[in-house]
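Visitor: Starting from these lines, generate the structure:
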Amino acid sequence: MNPPRILIAGDRSSSGKTTIVAGLLSALRARGLAVQPFKVAMDYIDPSYHTWITGRFCRNLDGYVMTPEAVKEVYSHGSRGADISVVEGVRGLYEGYDGDLGSTAQIAKMLHCPVIFVVDARSITRSAAALVQGYMDFDPQVQIRGVILNKIGSQRHADKAIREIERHAGVEVVGVIHRNDDMHLAMRHLGLVPVLEGERRHQGFVERLGRIRKIVEEGLDIDRILELAGEAPPLPEVEEDLYRPGQSGRGLRVGIAQDEAFNFYYRENIELFELAGAEVVPVSPVHDQSLPANLDGLYIGGGYPELYMAELSGNEGMRRSIVRAWEAAMPIFGECGGLMYLAREIEWTVPGQGGGERGVERPESYPMVGLVPGRARMGSRRIVSYVSGTFGRDCVLGRSGSRFLGHEFHHSELVMEEEATYAMRLDRGTGISEGRDGVVDGNMLASYVHIHAASYRGFPSAFIQACHDAKNK
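Guide: Numbering: from 1, shown residues only. Down below sits the predicted model:
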């Protein structure tokens, strides 16, 4: 119930903590340890690396969308059976929605977690000591117990920075990572390339992660990091509420889209279907020619459908199968990437493919399922934001008047071509249009809002009930 724990935070978004955490998780796993990863905030892509490296589902911890009790329960549940828990922070240590709210510091204090602080030390030495001291003084309740210096240029650079930090800030340096082109992971418009895509599409992806592990093993004092993790005080036992098994989903088969195009899911959103007794059935809109037989509901989560629009469009059998399921009143929930797929078409700007067009960007469009009367296209900006709102009408996710907190994470926008009915009214967030989100038509709901089951307790219970209602009609 109380394995050693450590939190890896950064001085800013570009500090390099994600790559260092990936290497640290791999190094700990190589020692034969059962390593439980966590990620602060509502990210999907970093957790995909954590899960792949450790073999244990990464869990998200977010102080904005989750109550303190929910954060502690998710942490306790995830840590069961682990030898050590490693929490990766988000952005800079103190960056939050409002003060502490939603910050890495908030989670560190909730879990009384020792912090290892990653500093981008490129071109600074004595100033690094001032930076570390400032972060330590800013909130003494945050227990910064060690420092990792990243992007160091030479051993002389490292020695001077270490000397100044330990002399002035009084905290030990537990690692030095020198500048190295291998300490980079493939990026795109929403951040890192997800693991599933990296394995299948990017040559040398697995080997790059192996080199990162070697660099981290050589640069960090892993034994000392384990000692610091072991100094975390015991946490009170948590009585589980969210993860209580039940029978509400018994007899249901719920399809969940899981392939290269759709793989952005919070673990709890799938696990709670299973705990409710429902059978979770993997579905691939890229590869399967139709929906599996006898499904009672379909959940199409987030991902990068714009990168697979030719394959998704070309799979006409699956597109027709989803339309037939909708006509038969099967509950369908499309979440961000799922929204794009359920639209009439996806239009995206892609590089030119040869001749005089090589390197020249041009738009391409492909027809999709067509249940949402609009087209998804590349937007002018990346949207990453917390969301709050209310259901304005009954739908497969909840009753009218129910409140929800969530997150949106997309680079697309939906251009509606006909009037639509919206189930969600947002008081924070962008949504589809003018604070409206959640296109609803029959038993289909499609939205940009990402829901987390530890935040909005109506999911998946409301969806399960909708499946029963449709099945029993």
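
Visitor: Pull the residues that contact stretch 261-269.
Guide: For stretch 261-269, the surrounding residues in contact (Cβ atoms under 8 Å, 6 or more residues apart in numbering) are 42, 44-45, 48, 57-60, 74, 194, 196, 242, 256, 258, 285-286, 299-305, 307-308, 311-312, 335-338, 341, 409, 450-454, 459-460. No exception for glycine: its C-beta is placed from N, CA and C like everyone else's.

Visitor: strands paired with the lengthiest strand in the chain, and their directions?
Guide: As assigned by DSSP state E, the longest strand anywhere in the chain is strand 372-391. Strand 372-391 sits in its sheet next to strand 343-350 (parallel), strand 403-416 (antiparallel), strand 421-428 (antiparallel), going by DSSP bridges.

Visitor: so how far is the first one off the chain centroid?
Guide: Computed by Cα atoms, centre = their mean, to the nearest Å, the separation of strand 343-350 from the middle of its chain amounts to 23 Å.

Visitor: what angle separates the very next helix or strand once past that strand from strand 372-391?
Guide: Proceeding N to C from strand 343-350, the next assigned helix or strand is strand 362-367, under DSSP states H and E. Calculated by axes from the mean of the first three to the mean of the last three Cα atoms, to 10 degrees, strand 362-367 forms an angle of 80 degrees with strand 372-391.

Visitor: Within the sheet, what are the partner strands of strand 362-367, with directions?
Guide: With DSSP bridges as the test, strand 362-367 is paired with strand 343-350 (antiparallel).

Visitor: Which positions in the strand it pairs with come out as buried?
Guide: Using 16 or more other Cβ atoms under 10 Å as the test for burial, strand 343-350 gives 343-348.

Visitor: residue contacts, Ser365?
Guide: Contacts of Ser365 by Cβ under 8 Å, 6+ apart are 309, 345-348, 375, 377.

Visitor: Pull the number of nearby residues for Ser380.
Guide: Ser380 has 6 neighbours, counted by other Cβ atoms under 10 Å.

Visitor: That one and Glu413: what is the separation?
Guide: From Ser380 across to Glu413, the span is 8 Å (Cβ to Cβ, to the nearest Å).

Visitor: What score does the closest residue to Thr430 other than its chain neighbours have for pLDDT?
Guide: The shortest distance from Thr430 to any non-neighbouring residue, by Cβ to Cβ, 6 or more residues apart in numbering, is to Ile383 (5.2 Å). On pLDDT, Ile383 comes in at 90.

Visitor: which ones are touching Asp441?
Guide: Contacts of Asp441 (Cβ under 8 Å, 6+ apart): 326, 371-372, 420-421.

Visitor: Would you mind checking those for buried ones?
Guide: For the contacts of Asp441, buried by 16+ other Cβ under 10 Å: 326, 371-372, 420.

Visitor: Output those as CSV; include the columns pLDDT and distance to Asp221.
Guide: Shown next, in CSV, are those (pLDDT from 0 to 100; distance: Cβ to Cβ, whole Å):
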residue, pLDDT, distance to Asp221
Trp326, 98, 56
Leu371, 98, 55
Val372, 98, 53
Ala420, 96, 57
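
Visitor: Would you tell me which one of the residues you listed comes nearest to Glu231?
Guide: Val372 (52.1 Å; Cβ to Cβ).

Visitor: Find the nearest non-adjacent residue to Gly63, please.
Guide: Per Cβ to Cβ, 6+ apart, closest to Gly63 is Gln106, 4.2 Å.

Visitor: In space, what's closest to Asn2 - neighbours in sequence excluded?
Guide: Once flanking residues are discounted, Asn2 sits nearest to Pro234: 4.7 Å by Cβ to Cβ, 6+ apart.

Visitor: hang on, the one you found is in a helix, isn't it?
Guide: No - using DSSP: H, G, I helix; E, B strand; the rest coil, the assignment for Pro234 is coil, not a helix.

Visitor: Okay, it and Cys113: tell me how far apart.
Guide: Counting by Cβ to Cβ, the separation of Pro234 from Cys113 is 12 Å.

Visitor: So which of the two has more stuff around it?
Guide: Cys113 (25 against 8).

Visitor: The more buried one against Pro4, yeah?
Guide: No - if you go by Cβ atoms under 8 Å, Cys113 and Pro4 don't touch, sitting 10.2 Å apart.

Visitor: shared neighbours of the two, anything?
Guide: Ala232.

Visitor: so which strand or helix has Glu218?
Guide: Using DSSP H and E, Glu218 sits within helix 205-219.

Visitor: and what of Asn60?
Guide: strand 59-61.

Visitor: now swap in Pro282 and tell me
Guide: strand 279-283.

Visitor: Could you list the buried residues of that strand?
Guide: 279-281, 283.

Visitor: How is the protein partitioned into domains?
Guide: Per automatic domain parsing, the structural domains of the chain span 5-230, 253-472.

Visitor: still on that earlier bit, counting neighbours, what do you get for the residue nearest to Thr430?
Guide: 18.

Visitor: ok, it touching His411?
Guide: Yes - assessed by Cβ under 8 Å, Ile383 is found in contact with His411 at 7.3 Å.

Visitor: Just list the residues touching the nearest residue to Asn180 once chain neighbours are set aside, thanks.
Guide: Leaving aside its chain neighbours, Asn180 sits nearest to Ile215 (6.0 Å; criterion: Cβ to Cβ, 6+ apart). The neighbours of Ile215, taking Cβ under 8 Å, 6+ apart as the test, are 23, 177, 180, 182-183.

Visitor: And those residues, which is closest to Ser248?
Guide: Distances from Ser248 to those, taken by Cβ to Cβ, are shortest for Gly23, at 41.8 Å.

Visitor: For the closest one, grab phi and psi.
Guide: As for Gly23, its main-chain torsions (degrees, to the nearest 10) stand at phi -70, psi -40.

Visitor: residue contacts, it?
Guide: Neighbouring residues of Gly23 by Cβ under 8 Å, 6+ apart: 212-213, 215-217, 220.

Visitor: Mark which of those residues are buried, thanks.
Guide: So, by 16+ other Cβ under 10 Å, the buried ones in the contacts of Gly23 are 212-213, 215-217, 220.

Visitor: Redo the residues you listed as CSV? Include distance to Phe262 and pLDDT.
Guide: Below are the buried ones among the contacts of Gly23 laid out as CSV (distance: Cβ to Cβ, whole Å; pLDDT from 0 to 100):
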residue, distance to Phe262, pLDDT
Ile212, 27, 91
Arg213, 29, 92
Ile215, 32, 94
Val216, 31, 95
Glu217, 34, 95
Leu220, 35, 98
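
Visitor: and which of the residues you listed is nearest Glu364?
Guide: For the buried ones among the contacts of Gly23, the nearest to Glu364 is Ile212 (33.9 Å; Cβ to Cβ).

Visitor: burial measure for Pro233, as a count.
Guide: Applying other Cβ under 10 Å, we find 11 residues neighbouring Pro233.

Visitor: Quick check: pLDDT value at the nearest residue to it once chain neighbours are set aside.
Guide: Distances taken as Cβ to Cβ, 6+ apart put His112 closest to Pro233, at 5.3 Å, once the chain neighbours are dropped. pLDDT, His112: 98.
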